[in-house]
Every structure is written in structure tokens, then in C-alpha cells.
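*Asks:* my questions are about this predicted structure, shown below with the sequence.
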Amino acid sequence: MHPFAYVAPSTVAEAVAELSKHGDRARPLAGGTDLLVKARANVWELDAVVDIKNIPELMTLTINGSGLSIGAGVPCYQVYDNSEIAAQYPGIVDGASIIGGIQIQSRAGLGGNLCNAAPSGDGIPSLIALSAVAKIASVNGTREVAIENFCTGPSRTVLKAGELLVSIEVPKPAANSGAAYTRFIPRNEMDIAVAGVGVFVQLDASGKNFESARIALASVGPTLILASAAGDSLAGKPVNDETIAAASALARDAATPITDMRGTIEQRKQLVEVLTGRMINKAVERARG
Amino acid sequence: MVATYETKTDYKVIGNSPIRHDALDKVTGRAIYGGDVKVPGLIWGDVIRSPHAHARIKSIDTSAAEAIEGVFAVLTHDDFPQADDKTIETGEGTVNLRRGQSNVMADKKVHYKGHVVAAVAAVDRNTAQIAAQAIKVEYEILPAISDVDAAMADGAEVILEGLVGDHLGEKVENTNVARVFRHEFGNVEDAFANSDLVIERTVTMSMIHQGYIEPHNATAIWAQDDNLTVWSSTQGSFGVRSQVAGLLHHPESKVKVNYVEIGGGFGGKTVVYLAPIAALLSRKSGGRPVKLVMDRSSVFEATGPAPGGKIRMKIGVNKDGKIQAADTDLMLEAGGFPGSAVGAAAICVFACYNLPVSRITGYDVLVNKPKSAAYRAPGSPQASFAIETVIDEICDELGFDKIQFRLDNAAHEGTRRGDGVQFIRVGLEECLVAAKESDHWNSPLGDAPAGKARGRGIASAYWMNGGGKSTCDLMLQDDGTVMLNEGSADIGGTRTSIAMQAAEVLGIPVEDFHPSIPDTDSIGFTGVTGGSRTTYTTGLAAYNAAHKLVVELKSRLADLWETSADKIDFNEGTFTANGDSIGIQELAGKLGPTGGPATSTSSVNLAEAGNAYGVHICDLEVDLATGKTDVIRYTAVQDVGKAVHPQYAEGQIQGGVVQGLGWALNEEYFITDEGAMANRSFLDYRMPTSLDMPMIDTIMVEVPNPLHPYGVRGIGEVPICPPLSAATQAVKEAVGKPFYSLPVKPGRILEALNGD
Ligand SMILES: Cc1cc2nc3c(=O)[nH]c(=O)nc-3n(C[C@H](O)[C@H](O)[C@H](O)COP(=O)(O)OP(=O)(O)OC[C@H]3O[C@@H](n4cnc5c(N)ncnc54)[C@H](O)[C@@H]3O)c2cc1C
């Protein structure tokens, strides 16, 4: 492992200043559950690691009338242990509570999951489905990017050298809405998704028809996929097996998986279809309360 | 000569489950493992490994590494002394010293990805790693051979240059098949012609790894007087000693191996990898102690897994339910050097059945994968999968009850095993009867939830168990407690199960024993903890040593009581003669005037061992939309001879089942087109976790082993064998499709379901 400097600033300003000094030879450190593994495997050569856990703003969870703000360094367990989040954002909890095991969840967070940009990131599909936005800071100021545009390829994001994710902003879910995420793994824990599907649905007041839906896929492409056609196909349609099956088939079409050690193209496409159906049903159930 | 015993039945110590002597040390983290070893002046070693599965080494340039500050030594194969061209025992296998050296560090060619090419020693671990990466190796890449078909194809690239294969006695050059051998009785063709039904199938299975938690490690000091001291995680210190001495052409008396606790081995820690490198690095570094620890990916890529391979199996049967003949070709992957478990596979493959006619042909096949090593009943799980797959189809086809059919054809005392050995008293029939009467077999499978289907599988398997050499010393202390030294690495609580056997003889509570495992200078030779030999063999040494101690104490007591030793009786810890009586622990304090401390020692070398059988029942549920499997109920029936410590015995069976289920359902070396293992981490090498397993129920049948005074048989290995087929047949019953390739992973199940 290349020797690196460890710095732990206490403000965003200090952090971005430190990052911009080193260009792409510095990286922020949240829980470290991806960063340390990659550094030890010599994936990168880093001169500096900038720990963000001393920056109060990045370690804060805020939930209020306008939505949920998840600081970039907040570990998963704080997300799923929060009863308000569990009630209002069960789709996010579905993802946060299956990343690794308890030890990993005590350190790892959704911010790190997003910035790591693995196509299999379990925390990301629900954020896409819920139309969340990333708040980014640099020495030049701040900007916002929709989560579905954040990851651009395996381990690649829109972040430029010197930029720091500050928080993930999730809008308040509409009335009569629900969300859910699941993944397929051959074991019951500690595995990387062979395929993952996150769904958000909004029903009308009767609970019998879809008003809108967003469906996001994991592990079936070079990056997370917003299956727009699948989600849009549900808008204005009644909730029934037929409309759900049609959306599931469209989600399958949106998947562009490869064959590798975790699964084959055919298997993954089939899994997307199956899991999409299951997650739409679960989201509907949650929407109906 | 084989001693046989009338088995005892009234036990005081045996059959209880006392707390193991090392429990507190292990649960408090105080126990010392190889990775914990720290000695003054310690420096670190690291290695550079081949990125290619098959290549010729064109050049190695170590100059950049040597120039790095803090580097003490750089090592290549040229630094190894010429080893003798001879084969030595490793405990659960053998190693040719020349090839063993080439496996430890590549010589001219690399035979698998991860093969060590060079090593460095440096002031700290990071410097060693950076220096190792600075070594420049030029390769000429050769085609990687990843399975037995490719290895045996005409014109295949030859992996081991100079190998002369022994093919049924004929010497063959330019081959990847190191050995072809055959065991044959009667004429299989005639017997098949006379059978009512003949089924022939070919099954394949992937290479898989033991997956012990503790990675390989070694620390060595090569002192100025050429005395070499080694610490290394191993199943047997003496195995490390003989391999290090042999590979480095160094006298055994100048090699001392210190015992350290072991964090799992399952057969994989019977072979040395790092110890010879640490030793030579220490010598080149002026005698500084050098330590090396592998990372997980190196453990996967470069340390002995269990062979994958291909097995053809043909069985003929009559409508009356009697097997007429069986014929098999066993082709197992040796890895980059000769020596797969195919010999043991041949011993085990037909051992559950009483076959009038049989033929077994074994092939030891080189492929560009790590050199395979022992893994829990090496060779038997693969063999069991093959035969039980065909037996299950025969039962389905002819409508036989799957237990009754096995009973009608079961091996028993006097049956000739496929390799010719005749069985002494064995317990397969008792296991089958226990399975037949079990609650599990007599309970319905239950209805699966919507979208899922259930199936039940049953399978049996065999392991011959090991004997060999062991030593145990006893030292009775003045206060009546006993120091017990024995040479077996403690795996699964063997300190205690060995001490219990001495305690039973002496009538002293096992809690008053202090069992230790000394270094190789301080105890007689003892083979590895492997082959399910330890409780049986080292236990017998403890039993014999205890009897010798009684003899010694009688002669001492004869002085005190002024009588002759043969007038003294000894029973359950009390000596009596002419109305006098004294307890053994009380006597211990009175030995001073009789000649001082009383000690005894016993070394044994057992040619034979009791055989082990298991019969397993597996209920499993399949998600028909995703192919996911969940084992929902499991019962393992096993003949344990005598369960010395029933909790450990049960733990061994449960552990074996879990590993077997992993092998059946998800574990595999996923090999890329370039011959690399893609899934070389615990995240992607899918061993079962605790959430994947139901409670594993056990039924322990006790058919005493006539070769041991307490009837002890080895128990640790056979339980890994039946799950491969039991789980596979359960999936077959659930989804109505047969499976001939392991693992039966969700993707394969989906493929089969979509196959219509
Ligand atoms: C045993 C194990 C099991 C795992 N299981 C899963 C799983 O089931 N599902 C899953 O999705 N993942 C899994 N992971 C991966 C990992 O735990 C997750 O991706 C986790 O969410 C990463 O979060 P972290 O806080 O540890 O990130 P870190 O490792 O700290 O950071 C990850 C990356 O993001 C960058 N980064 C972090 N914070 C910021 C920031 N504020 N601004 C810009 N860049 C930043 C880092 O520089 C690094 O490149 C597993 C990992 C391990 C070791």
C-alpha cells in the first residue's frame, strides 16, 4: 500500500481545500468499508485520505416537512434505526439494512455507497426511485445532481477532483405512496446483488390506480439504471397483475447485464422481471398502508 | 498385527462433554496463533505471485527491490538447495520434494495464477510489500488449462515438463495425466449385459476451497549454528518439520517447530507454503526472524483446494433390487503438480455397497490451478456425489425405497471394498436402519408456500479413517494432577478427547489433567491431525501411556506396601491389596521415597483404523422464480463408534454437513478464460453463513470399532460427503429435473426450469 497522509478536517471548507490540494490523489473517507479495501488492494495510489467524520454537517440526519437530508458520512444503522425514516422511507431502509452485516452497517453509509458507484450498490436504487438529489461542495461552491445521474460507470461518478458529497436530499414522499427495494443473492446475507430492484409508486386516493412510478435497477448494467419506460407504463393504470407484469417485462428490457461469476445475462434479466413484480406489489401494499 | 478389543460399556469419563481445556484461552483471545507470534528483531517477508495461470519465466530482475531502503534479502528459486528426488508423507497425502520446492517457489515455469515467483524480507510489512512489487518478472504466456477435458485433449500444452505418467503401468511422456490406475473384480461388461437396468451418467464438480478463517502464516529464525526454529499454522508440527527439512535439505534434528493454535485447516494445513520461504529469508537476512502472512486472495489462488473434476459412473441392477456391477472413471484435478485425492476417491467410491463385480479407474490430472490438497475426506465427497446420483435414479426408475435398496446392497463385515480390502465390523446397516426409523424420514415434507417447491434427498458415504503414528507422555504430579503432553495439533477439542481416554483408565477427573502440545523437540513423533485419526490414534497412545503409568504405580506401591506388584489390583482410580486401599491421587503425593516422579510414555503406529459411514436426509425448498434454495431440515446419521465427547462429535458432524452443503449448492472456483479465479474473496466465494443453515440434527449410532479399547472411530471427515448428493437429489425432487454438475446454484436451477 502506498503511504498516505490522514487528515480529519472539521469543516466542509477545510475538507474541500485539502481535497483540491491533491487532485485525484486524495479521497474522502466515510466508513472506509470500500476505501480501505481498495487502498489495500492497490486500486489507487493515494497521497491523502480526508476523513469526513469530524464534520458535523456531514454526520447529520434531518427529517422535516420538506423531506429527509442524509449527511454523506451517516452510517447505515442510524438510518434504519430511525423510526421516522422507517415509517416514511421504508425503501431506503430496505437498502441500508442489507449492506454487509452489522459490523459493516455500523460504519458504512449511503454516501459512501453512492460515491463508490458500484453497479450493485444496494443503497442507491431506492434513492433514484425516490427522486433524491446529491448536494456537492467544492472550493468553487456547491451544486446539485439528481441521483440517477450521479453514477456514470463502475466506480465512476460526476464528482470532479476536489469535490465532496455533502448530503443526499430526499423529497418528502407524496400521499398514498410507497417504496421497496430487494436484491437477489444466493445466500441470505453477505453477498453482492446478482440483481436488485427499487420501486416507488404513488397511487390515487382510492388506492386502486397508479398515478406514477419510478423503478431503478442494480447489478444489471455498468451503472444503476432508471427504468423509465417500466415506471411510466404504470402511470394512470389500474393496480392489477396485468399492468404489473407489463411493467416488469419493460424493466427486464431495460436491463443490460453481463455474464460473470455472480450470474448470467439470462438469469439476471429473469431476476429483474421477477423482483420488479415483487417490489411493485410490496410498494403498493406500503402505499395502501 | 492388529489388536482387537472387547468393548467396554460402563464409562465414567468417556461419553460426557466436559468443557475443553483450551476453552477460556480461545474465547478470551489469549490463545496464541501463528499470526500472534512476535519475537525480538522481527522483520517481514512478502512474495510476488504470478499474474498468469500458465507461463514460462523468461527473466526475474530483483535489482529494484534490492535497492529499496530497508530490504534485507531477496529470494528466488535459485536460492533453494537441490532437494532429493524423493516422495515423503505430508500426513494426508504425499509430496515429491523437487516438485514441492517448485510449488513453494516457481522454477522456470508458473503452473497457476498466484504461484510464488520470488520473495523479499524487509524492515516492515509495507516495505516488504512495496519491494516485492518492485521485482520485475518477464513471462512467456502459455495457454491455461482449466479442466480435465482440456488437460487430456490431444495436443494439450504440457504443464509439468519432464513428467513421465504412469498409465496402468505404462510410462507415458508429454502428458498431463500423472497416473492412471485400476481396481477390478470380475467382468463388468458381462455383468451389465445380464442386468435388468443399466444407468450411466457423467457428473462434474468445481474445485472448491476449505475456507478456514485463519490464513497461512509462518515465522522462522535461521540461527548462526544452522538451528532453524519455525512457527506456522498447521495441522501437524512434525509434518512442517519433515517438509521444511526435506525441501531445504536440512537435518530434521536442526529443525524445531513450535506449536501454535490453528484457526481451521480441514486438510488444507498439511502442506507447507511459507515456512521454507521464511527460513531461507531469515538465513539471507543474517538470522533475523522473518514472518509472512498470506492475504485471503492468495489463500484461494495458491493453497490447496479440493479437486474438481469429472466422474463417469455406470451401474447395473436387477429388478429384485440387487446391484450386479458398477464401473467408474474418476478424473480429478491435481492442480499444477501431480497428486490429487483420486486414490482415496477410488477407495471410497463403492464402499457403501456390496458389489459382486466392479471396476474403478482413476486419473490424476494436472490443470493450471493451485495444487490440490486434502479437504475433509479428500476424494470421497466427489465420489459419493457420483454414485449416489446414479443410485437415486435407479431407485426412481424401478420404484425402490431409497433406504431399503441401500440396505439390500449394504456393505458389512466381510464385504470386499472396491480396492480389495475386506471390512471388519462396520456400521452402515445400523445407520440406514436409524435413518429409516428417524423422525425426519417419517415426517411429511410439508407444503411449500406459493411459488416454491420442496424436495427430500438421501445419500450415504464412507471414509476409511486414518491411523499412523502418535505419541503421548503422562507425568503424575505430587498433588494428584496430571501433565499430559501429546503431539497432535488441537482441532475441535482433541486435547480434551485425548485426555479423557487417559482419565478413564486412571480414574482421575479429566479436569485434573493439563494437556499440552509441545514443540517437536519435546515430544515423540506424531502425525498430522487429519484423516480422522487423532482421537483414535493419539487417544490410543494416551490409553496405553495410562496403563503403563498404572504398572509403574503398582511397582512403587509394592515398595510402600511391602508386597509384590501382581498382588495389587487397580480399579476406577483405587489400588487395593490385602485389605489396604489407596486412591491414585493420594498415592501421587507419597511417591518420593519410591523413586521420585512417576511418568510414562507411549508411541503407537496403527496400520488400520475403524471405518466411518454416514447417511444424511436433506429437505430443501426452491424458489421457482429465482432458483434460490433454502435447506429447511437436515438430519445426519453417523456411526461414530463411541462418542468420546458427544458435543464435539456432534459439532464435527454439523460442521461437515455445512461445508458439504456449501459444496453442493453454491461454492465453486469460478475460472475466467485466462485461467484466473474470479471470486477470490469471501464476499464472492459463497460459503454458507449462519443465516443459510437450519439446525443440523444428528443421530449418532455407536457400533464400536474393534481396533480401539473404547470402540472409537474417526468421525470428523465423513459428514462432509453425503450432503453433495442429498442436497442435489432434494433439488431434483423439488423441480423435477436431474442435476449432474456442482454447484447446483440458482442460475443452474433456473436454466433447468426454463429448459422445457
Ligand atoms: C464485507 C462487506 C460487505 C459489503 N456488503 C455490501 C452490500 O451488501 N451491498 C452494498 O451495496 N455494498 C456492500 N459493501 C460495500 C460498502 O460497504 C458499501 O458500498 C458502503 O456503503 C460504503 O460506505 P462507506 O461509508 O464505508 O464508504 P467509504 O469506503 O468511506 O467510501 C467509498 C467511496 O466513496 C468515496 N467517498 C466517501 N465519502 C465521500 C464524500 N462525502 N464525497 C465524495 N466521495 C466520498 C470514498 O473516497 C470512496 O471512494 C460491502 C463491503 C464489505 C467490506
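*Replies:* That came in fine, so what should we check first?
*Asks:* residues near residue 40, how many?
*Replies:* Just so you know, I chose chain A. The burial count assigned to A:Arg40 is 11, neighbours taken as other Cβ atoms under 10 Å in any protein chain shown. In short, each C-beta sits where N, CA and C put it, glycine included.
*Asks:* oops, chain B please
*Replies:* The burial metric for B:Pro40, expressed as a neighbour count using other Cβ under 10 Å, is 6.
*Asks:* need the contact list for it.
*Replies:* Contacts of B:Pro40 were listed using Cβ atoms under 8 Å, 6 or more residues apart in numbering or on different chains, and they are B:Pro289.
*Asks:* mind checking the SS state of it?
*Replies:* At B:Pro40 the chain is in coil, as set by DSSP: H, G, I helix; E, B strand; the rest coil.
*Asks:* how about it, phi and psi?
*Replies:* Here is the backbone geometry of B:Pro40 (degrees, to the nearest 10): phi -60, psi 140.
*Asks:* that one and the ligand, how far apart?
*Replies:* As judged by Cβ to the nearest ligand atom, to the nearest Å, B:Pro40 and the ligand stand 35 Å apart.
*Asks:* and for A:Val37?
*Replies:* Here A:Val37 is placed at a distance of 6 Å from the ligand (Cβ to the nearest ligand atom).
*Asks:* ok, now B:Asn318?
*Replies:* 54 Å.
*Asks:* if you tally nearby residues, what's the number for that residue?
*Replies:* Summarising burial for B:Asn318: neighbours were counted as other Cβ under 10 Å, giving 13.
*Asks:* you'd agree it is up against B:Gln324?
*Replies:* Yes: the criterion here is Cβ atoms under 8 Å, and B:Asn318 meets it with B:Gln324 at 5.9 Å.
*Asks:* tally of neighbours for residue 271?
*Replies:* Answering for chain A, as no chain was given. Burial of A:Leu271, expressed as a neighbour count using other Cβ under 10 Å, amounts to 31.
*Asks:* actually it's chain B I care about, not the one you picked
*Replies:* Burial of B:Val271 is recorded as 27 neighbouring residues (other Cβ under 10 Å).
*Asks:* got a list of what it touches?
*Replies:* By Cβ under 8 Å, 6+ apart, B:Val271 lies in contact with B:90, B:93, B:95, B:243, B:303-304, B:371, B:373.
*Asks:* try 7 Å this time
*Replies:* Taking Cβ atoms under 7 Å, 6 or more residues apart in numbering or on different chains as the definition of contact, the neighbours of B:Val271 are B:90, B:95, B:304, B:373.
*Asks:* for the closest residue to chain B within the stretch 101-250 of chain A, which non-adjacent residue is spatially closest?
*Replies:* Scanning the stretch 101-250 of chain A for proximity to chain B using Cβ to the nearest Cβ identifies A:Asn188 as nearest, at 4.0 Å. Once flanking residues are discounted, A:Asn188 sits nearest to B:Leu691: 4.0 Å by Cβ to Cβ, 6 or more residues apart in numbering or on different chains.
*Asks:* tell me the SS of the one you found?
*Replies:* The three-state label for B:Leu691, taken from three-state DSSP, comes out as helix.
*Asks:* ok, it - how many residues close by?
*Replies:* For B:Leu691, the tally of surrounding residues (other Cβ under 10 Å) stands at 10.
*Asks:* same question for A:Pro238.
*Replies:* The burial count assigned to A:Pro238 is 12, neighbours taken as other Cβ under 10 Å.
*Asks:* check what pLDDT the closest residue to it other than its chain neighbours gets.
*Replies:* Ranked by Cβ to Cβ, 6+ apart and with sequence neighbours excluded, the top spatial neighbour of A:Pro238 is A:Asn209, at 5.2 Å. Confidence at A:Asn209, expressed as pLDDT, is 98.
*Asks:* ok and the residue in the stretch 1-150 of chain A nearest chain B?
*Replies:* As assessed by Cβ to the nearest Cβ, chain B sits closest to A:Met1 within the stretch 1-150 of chain A, at 6.2 Å.
*Asks:* how about the contacts made by B:Glu66?
*Replies:* Under the criterion of Cβ under 7 Å, 6+ apart, the contact partners of B:Glu66 comprise B:Val74.
*Asks:* thinking again about what came up before, the residue of the stretch 1-150 of chain A closest to chain B against B:Asn126, yeah?
*Replies:* Yes: counting by Cβ atoms under 7 Å, A:Met1 sits close enough to B:Asn126 to count as a contact (6.2 Å).
*Asks:* pull up the residues of chain B that are close to chain A.
*Replies:* The interface of chain B toward chain A, taken as Cβ under 7 Å from any Cβ of the partner chain, is made up of B:126, B:129, B:625-626, B:628, B:666, B:670, B:678-679, B:683-684, B:686, B:688-689, B:691-692, B:745-747, B:750.
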